[in-house]
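Engineer: need a 3D model of the following:
(4 chains)
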4 protein chains.
Amino acid sequence: MAERKKLCYGMVGGGLGAFIGAVHRKAIALEETADLVAGCFSSKDGKNQETGSFYGIEEDRLYKDYREMAQKEAKREDGIDFVSIVTPNATHYQVAKAFLEAGIHVACEKPLCFTVEQAEELQALAAEKNLFFAVTYTYTGYAMVKLARELVEKGEIGEIVNVNAEYLQDWLIDEIGGGSQTTTKLSVWRTDPEKSGISNCVGDIGTHIEDTVSYITGLHPKKVAAALDNYGMELDLNANMLVEYENGVHGVYSCSQVCAGHLNGLTVRIFGTKGAIEWVQEDPNYLKVTKKGQPVQIYHRGTGYITGRAAELNHIPSGHPEGLTYAFANIYHAFMSAVLKQINGQEITQEDLDFPKVEDGVMGVRFIHAAVKSSKNGSVWTEV
Amino acid sequence: MAERKKLCYGMVGGGLGAFIGAVHRKAIALEETADLVAGCFSSKDGKNQETGSFYGIEEDRLYKDYREMAQKEAKREDGIDFVSIVTPNATHYQVAKAFLEAGIHVACEKPLCFTVEQAEELQALAAEKNLFFAVTYTYTGYAMVKLARELVEKGEIGEIVNVNAEYLQDWLIDEIGGGSQTTTKLSVWRTDPEKSGISNCVGDIGTHIEDTVSYITGLHPKKVAAALDNYGMELDLNANMLVEYENGVHGVYSCSQVCAGHLNGLTVRIFGTKGAIEWVQEDPNYLKVTKKGQPVQIYHRGTGYITGRAAELNHIPSGHPEGLTYAFANIYHAFMSAVLKQINGQEITQEDLDFPKVEDGVMGVRFIHAAVKSSKNGSVWTEV
Amino acid sequence: MAERKKLCYGMVGGGLGAFIGAVHRKAIALEETADLVAGCFSSKDGKNQETGSFYGIEEDRLYKDYREMAQKEAKREDGIDFVSIVTPNATHYQVAKAFLEAGIHVACEKPLCFTVEQAEELQALAAEKNLFFAVTYTYTGYAMVKLARELVEKGEIGEIVNVNAEYLQDWLIDEIGGGSQTTTKLSVWRTDPEKSGISNCVGDIGTHIEDTVSYITGLHPKKVAAALDNYGMELDLNANMLVEYENGVHGVYSCSQVCAGHLNGLTVRIFGTKGAIEWVQEDPNYLKVTKKGQPVQIYHRGTGYITGRAAELNHIPSGHPEGLTYAFANIYHAFMSAVLKQINGQEITQEDLDFPKVEDGVMGVRFIHAAVKSSKNGSVWTEV
Amino acid sequence: MAERKKLCYGMVGGGLGAFIGAVHRKAIALEETADLVAGCFSSKDGKNQETGSFYGIEEDRLYKDYREMAQKEAKREDGIDFVSIVTPNATHYQVAKAFLEAGIHVACEKPLCFTVEQAEELQALAAEKNLFFAVTYTYTGYAMVKLARELVEKGEIGEIVNVNAEYLQDWLIDEIGGGSQTTTKLSVWRTDPEKSGISNCVGDIGTHIEDTVSYITGLHPKKVAAALDNYGMELDLNANMLVEYENGVHGVYSCSQVCAGHLNGLTVRIFGTKGAIEWVQEDPNYLKVTKKGQPVQIYHRGTGYITGRAAELNHIPSGHPEGLTYAFANIYHAFMSAVLKQINGQEITQEDLDFPKVEDGVMGVRFIHAAVKSSKNGSVWTEV
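Structural biologist: You can find the predicted model right below:
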């Protein structure tokens, strides 16, 4: 069989006008190596049709039901190679399960699902079926996050002794005191346990802190002491947390949706015995490195002194910024490379596996549950 | 005839591996409203074939010669709606002319061409044929540049009294003194008059200063007093220029390819009687506004207080950066909207025309020639 | 009696070459309203003589013993109006007590003393004697910290809902693992419980966080959950802490002496329902204000839109930075104004009392003890 | 004769409430090595008396006339060692001349005087009398400017190929169009040729650019092509200038008093074949160094990696900012050291001479005249 050069994929969710679905499609388009050929874009018939038509999806590959889509695509000779799941959180589990059972690789939005049990079930199923399962924790796709990881791995900052990371937003600030009258659809959704699970703020953005720190350092919190603030709402809008890693080192994680003037302020700082690094999502093309006894260094993406993975994933010349969409594209780049190589029977490298996986999704769910539990119990240290 | 929802386009230049062609294709892909269906990607047969094959171009629409492409596509009922010209500078003129003559809309890389005469000829031809002609001065596509323009138009900074703009790079620093041994293909190309025309630095990046300032302010230099530095090379690597606008206001433009540690440092500052604005290409999601007697203000792209065109062209939520590719996409957004509406017989708005046009390309060529002439004549004031 | 225009003062500690003593003298010199006339600068005779001679202190006012100095100066008609105590921490209590008992106003370096009992004793003594007692928590002297306080008081940021403050240094990073061979005199001193008390890092810089936040917001921690890290040393070098204020709001305080590349990184961020403020000690002439739904605002010290106390304490035109010495000077400005007015029998205003006082010193000692206790007890919430 | 440890000095100008006089006194006070013992502070009797009294000046050393002061102090055995001249520009020449003729060292505010002839006369007189003459171009006193000079001298940035420096303010923005009704005393003074000489903006702040660049690089402009803007006023409020140095390198200097939101924005950028440096007066404790092919480096004042003169003149620990007053103090530090060593018959080092001198003042006056002349002649290149 001829070597395949391109993949074809399907999407569940992501009707025209939906935000995150478009981001996934555009990220894949930037890679230029996969075509959208099937979809179950919306539970609303009209929206589903309109979306399929816009993207030139053939009639028989436009599905009303994701289960039907999984089964039929699995049976086609030219069936989709992978599915992108961009539905609301509450359905991730069931949709992902359906495609895994049908033997189709999965890329799924985060958080993976609501309970640790579901998460572990999906992990086991992917392993059993020998399928790739990406969970799109976006920020680890940025080139400079990859550089941060490389610097830590190479020992450039020495042994890690302290961590300080935060993710600050303000878009739910008017919910303080019980919810504003100008409440948007999205804010209602996020603060509703039916739709968001047991946590809003930690679940939505706190998990990004956990994932990004662990991607860079290899460290997962062993336990957490958390103070969540609901300010009169059912779910948390703000959280300050002490964490302790397996090696006994401590750190602080803060996430908030009520910090006025903050948009997507994910900042990660890792402190080691020889140096420290700081990365700010809102200015993602830079990495600040402060080595003991040396001038502060600012690395710029794309320059000649950038090496390794961050150099491989350079798309635009240095000094011309890459934004969020390229971070997404980099995740799909690795995931799709792994899928394509498996199909072609080629050897899969570490680089091909450089995407957030189902086990990272499992860890995210564990982290959410530990933080909520700790806060309910007076911020006592709680195992993750 | 049914309303068209999408366009189809062809490309001249941009074989696989070529930088700027990929940027154009990806920018168009982000817009999701045009399909690549024809091309003359490379003068090398193998590269042309390989590229056509990768993008699924049908055999009969993969051309060895751009003239043939222009003529045949013009005759097809399903012929391309527009062409993207991403060849080296020296061929822009002839390629653009061929497609205009065939009645096909044109998007062309900058600089438009080598001489003022050629530029004016293209302008006249586009007008005669009633065709849209975009010249991709990228930076005016950024949302915050559009906000800058809007603030100036609304009088937020009062009457303009001074301008200071610069574009600093360092990639040719090793050419100082006559060219380094590590000279790259690109540096050879840029510093060769056959390929670059009468100016290297002013032609390549000085024109971006001219274009971006004029987009924001509506002011073009009436005359320029320039000091170009060649440092032993045939063409300029550095230029400092005084400019005077039609209203008598002065400004400074500096462009350089020898400023160590500077990448694509385009910074535009406009000073008015009531306030000033500052935009930095390397951090394009911000706009600094300093009003007389008030705290400094930093506007962030995508926030609720952003209005007008900058709000319309928002793709990703605030705090998640948009990079260069979206600036390109915004230019294609307007250009393709204008083309589509003309095809559909719909009314074309100001917003549809919000892209850099052939007349901006003409002005760029005029500016280059005036700067070079001034420098040769002892930096005397020279009409643009 | 004629109105006094100037004060005279004495100093305990601060021999030539000692760092903090010089800072106090220079801060007072910037105010130009007090002359140094007496001292007990060093326990070493030669150093004491040399210092006294350099400052032109008369022989009979150069003392070998601070108790003698307190008693003799108290008896002189032209005796000192106040004393500056700039000795090591371990002696603050006894020296301050001697001067208070002698009826002399006191300005003392922080931390005030080692135990809560000592601190409260000094507070009571100052009250009983009707004496002013400044504890030089430097950072509240900065003009922009005063502006921050004013903005909070005026309700500009609404109700406070979250706090995030840190003080990061790296000067003890080589102590990790048990102390380096390049240990300096100062690092030995700081990490020795005999000289530093029960805490090193929280005691030295954590207290500055507590004091600066409470100055700006009026909020003191009601309880603290702290994780202190000793990294093999006897005392803490790093601490991450959750705090809860009296109004139930939570915050995070982090202080460290092992964060590579950080010098005196005191950053205070206060988040309210309407806006947030951020102040960074290393760039003290700015205050960042982020109001909900508005562009970020950067206030610059000394400009026309600065009002209130921050405007009163402006020394140098805006755009010309004021540094640490002026923060010290501002503290002495208020303290000396209060002392002078008391002497002249004039009314003392709120502005005259705008200096950190013995009760702030007491709170600092309480905070240190609570943090250490919490950390020893598994980071449980501990009353301050 | 015993070695002197301290100096005594007098002041002309600087009555209580005057701005620049206080800066000089406080800068000298920070050095702790000179006492104010004589003065002619104000032409107004009451103000002169009040000032003398506040500083404890003895009656017979408080003068109504500076000529009398120069002569009488010269005759006293305990006469002043140097004089600080802090009067308005128009009187610098005559006052400085009187003290030089009396054999007294001089520190004088800038600009030195109005005409090149006067300036050269003062220079000759100081040389003839073997007297030190400091002209307080403040900014060269900053530690990080000294580091910049050292890096250039050591060849860290290679051969200089381009210069870009500016000094932007906005305090005269309301003078545009002919002067506002809210005109202050200072703005009237600055824009009056009788008091300011032939230039306002270039004279006041343009000369700081010239001086700071030449201090760092050793390069003086050989010629200048200037466009000055008066906006309806008698003197210039804005100037953009091309400069050419003796080695043929070009640069740009821009100074303005009408750039909204800019306070004392002196920024100096020096570009060399190996690297570039950038220093910003408003954030003076940093120096940005961008070396070819390396991450951007930010040097922080006072750290262990700072060497040479910048390290010697460190007053406060790194991370605690030093402001303008210390820049002044550093200038006085060298000047007073030179004076003291001459008195003590000690060898004078290069470090003692590290202050701006009368020849720098002469160059400043030359520069002003060349810029004004160029602008009047259509911005033609004009010899400095």
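
Engineer: from here on, contacts and neighbour counts on C-alpha atoms
Structural biologist: OK.

Engineer: do I have it right that residue A:142 meets residue A:321?
Structural biologist: No - contact criterion Cα atoms under 8 Å: residue A:142 and residue A:321 do not qualify, at 11.4 Å.

Engineer: give me the buried positions along the helix or strand hosting residue A:117.
Structural biologist: Assigned by DSSP states H and E, residue A:117 belongs to helix A:116-129. The neighbour-count check on helix A:116-129 (16 or more other Cα atoms under 10 Å in any protein chain shown) flags A:116, A:118-120, A:122-123, A:125-126 as buried.

Engineer: how about these in a markdown table, adding pLDDT and distance to chain B?
Structural biologist: Converted to a markdown table, the buried residues of helix A:116-129 look like this (pLDDT from 0 to 100; distance: Cα to the nearest Cα, whole Å):
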| residue | pLDDT | distance to chain B |
| --- | --- | --- |
| A:116 | 91 | 29 |
| A:118 | 94 | 30 |
| A:119 | 92 | 28 |
| A:120 | 95 | 31 |
| A:122 | 97 | 30 |
| A:123 | 97 | 30 |
| A:125 | 98 | 33 |
| A:126 | 98 | 31 |
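
Engineer: which one of those sits closest to residue B:159?
Structural biologist: Nearest to residue B:159, judged by Cα to Cα, of the buried residues of helix A:116-129 is residue A:119 at 60.9 Å.

Engineer: doesn't residue A:111 make contact with the closest one?
Structural biologist: No - assessed by Cα under 8 Å, residue A:119 is found out of contact with residue A:111, at 9.8 Å.

Engineer: look at residue A:1 and report its pLDDT.
Structural biologist: At residue A:1, the model reports a pLDDT of 62.

Engineer: residue A:183 too?
Structural biologist: For residue A:183, the model assigns a pLDDT of 62.

Engineer: what do you get for residue A:103?
Structural biologist: pLDDT, residue A:103: 98.

Engineer: any idea how far residue A:75 is from chain D?
Structural biologist: Separation of residue A:75 from chain D (Cα to the nearest Cα, to the nearest Å): 53 Å.

Engineer: who's in contact with that residue?
Structural biologist: Counting by Cα atoms under 8 Å, 6 or more residues apart in numbering or on different chains, residue A:75 makes contact with nothing.

Engineer: thinking again about what came up before, pull the residues that contact the helix holding residue A:117.
Structural biologist: Applying Cα under 8 Å, 6+ apart, the contact partners of helix A:116-129 are A:93, A:96-97, A:100-101, A:103, A:112-113, A:132-133, A:358-359, A:361-362, A:365-366.

Engineer: return the distance of the helix or strand that that helix is followed by from the chain's centre.
Structural biologist: Heading C-terminal from helix A:116-129, the first helix or strand you meet, by DSSP H and E, is strand A:133-135. Distance, stretch centre to chain centre, for strand A:133-135: 9 Å (Cα atoms, centre = their mean, to the nearest Å).

Engineer: mind listing what residue A:324 touches?
Structural biologist: Residues near residue A:324 by Cα under 8 Å, 6+ apart: A:138, A:142, B:320-322.

Engineer: can you give me phi and psi for it?
Structural biologist: For residue A:324, the backbone dihedrals are phi -60, psi -40 (criterion: degrees, to the nearest 10).

Engineer: ditto for the one 5 residues further on
Structural biologist: Taking degrees, to the nearest 10, you get phi -60, psi -40 for the backbone angles of residue A:329.

Engineer: my guess is it meets residue A:28, correct?
Structural biologist: Yes - under the criterion of Cα under 8 Å, residue A:329 makes contact with residue A:28 at 5.9 Å.

Engineer: quick one: mean pLDDT for whichever helix or strand residue A:215 is part of?
Structural biologist: Using DSSP H and E, residue A:215 maps to helix A:207-217. For helix A:207-217, mean pLDDT is 98.

Engineer: next SSE downstream of it?
Structural biologist: Under the assignment DSSP H and E, the closest C-terminal helix or strand after helix A:207-217 is strand A:221-229.

Engineer: extract the C-alpha trace of that following strand and format it as CSV.
Structural biologist: What follows is strand A:221-229, C-alpha atoms only, in CSV (Å, rounded to 0.1, in the frame of the first residue of the first chain):
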residue,chain,number,x,y,z
PRO,A,221,1.5,17.5,43.0
LYS,A,222,1.4,14.7,45.5
LYS,A,223,-0.9,16.7,47.7
VAL,A,224,-2.7,20.0,47.7
ALA,A,225,-3.9,22.4,50.4
ALA,A,226,-6.6,24.6,48.7
ALA,A,227,-8.8,27.5,49.6
LEU,A,228,-11.5,27.9,47.0
ASP,A,229,-13.8,30.9,47.0
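
Engineer: what's in contact with that strand?
Structural biologist: Strand A:221-229 is contacted by residues A:210, A:236-246, A:370-372, A:374-375, A:378-384, C:242, C:250 when judged by Cα under 8 Å, 6+ apart.

Engineer: who does it pair up with?
Structural biologist: According to DSSP bridges, strand A:221-229 forms sheet pairs with strand A:238-245 (antiparallel), strand A:382-383 (antiparallel).

Engineer: among the ones you listed, which is the most enclosed?
Structural biologist: strand A:238-245 (a mean of 26; mean count of other Cα atoms under 10 Å in any protein chain shown).

Engineer: show me the contact partners of that strand.
Structural biologist: Strand A:238-245 is contacted from outside by A:201-202, A:219-230, A:250-258, A:371, C:227, C:240-242, C:250-252, using Cα under 8 Å, 6+ apart.

Engineer: again, only using 6 Å
Structural biologist: Residues external to strand A:238-245 that are found in contact with it (Cα atoms under 6 Å, 6 or more residues apart in numbering or on different chains): A:220-229, A:250-256.

Engineer: phi, psi of residue A:359?
Structural biologist: phi -70, psi -30.

Engineer: residue closest to the middle of chain A?
Structural biologist: residue A:137 (1.1 Å; Cα atoms, centre = their mean).

Engineer: measure it to residue A:304 for me?
Structural biologist: Relative to residue A:304, residue A:137 is positioned 28 Å away (criterion: Cα to Cα, to the nearest Å).

Engineer: likewise residue A:191?
Structural biologist: Distance check for residue A:191 against residue A:304: by Cα to Cα, it reads 45 Å.

Engineer: what's the answer for residue A:49, then?
Structural biologist: Using Cα to Cα, residue A:49 is found at 48 Å from residue A:304.

Engineer: also residue A:152?
Structural biologist: 20 Å.

Engineer: swap in residue A:361?
Structural biologist: The value you get for residue A:361 to residue A:304, if Cα to Cα is used, is 34 Å.

Engineer: neighbour-wise, which of those two wins?
Structural biologist: A count of neighbours by other Cα atoms under 10 Å in any protein chain shown puts residue A:361 above the other of residue A:361 and residue A:304, at 29 against 13.

Engineer: look at the more buried one and report its pLDDT.
Structural biologist: We have a pLDDT of 94 for residue A:361.

Engineer: quick check: buried residues in the host helix or strand of it?
Structural biologist: If you go by DSSP H and E, residue A:361 is part of helix A:358-376. Using 16+ other Cα under 10 Å as the test for burial, helix A:358-376 gives A:358-375.

Engineer: what's the angle from the host helix or strand of residue A:299 to strand D:296-300?
Structural biologist: Per DSSP H and E: residue A:299 is located in strand A:296-300. Here strand A:296-300 runs at an angle of 160 degrees relative to strand D:296-300 (axes from the mean of the first three to the mean of the last three Cα atoms, to 10 degrees).
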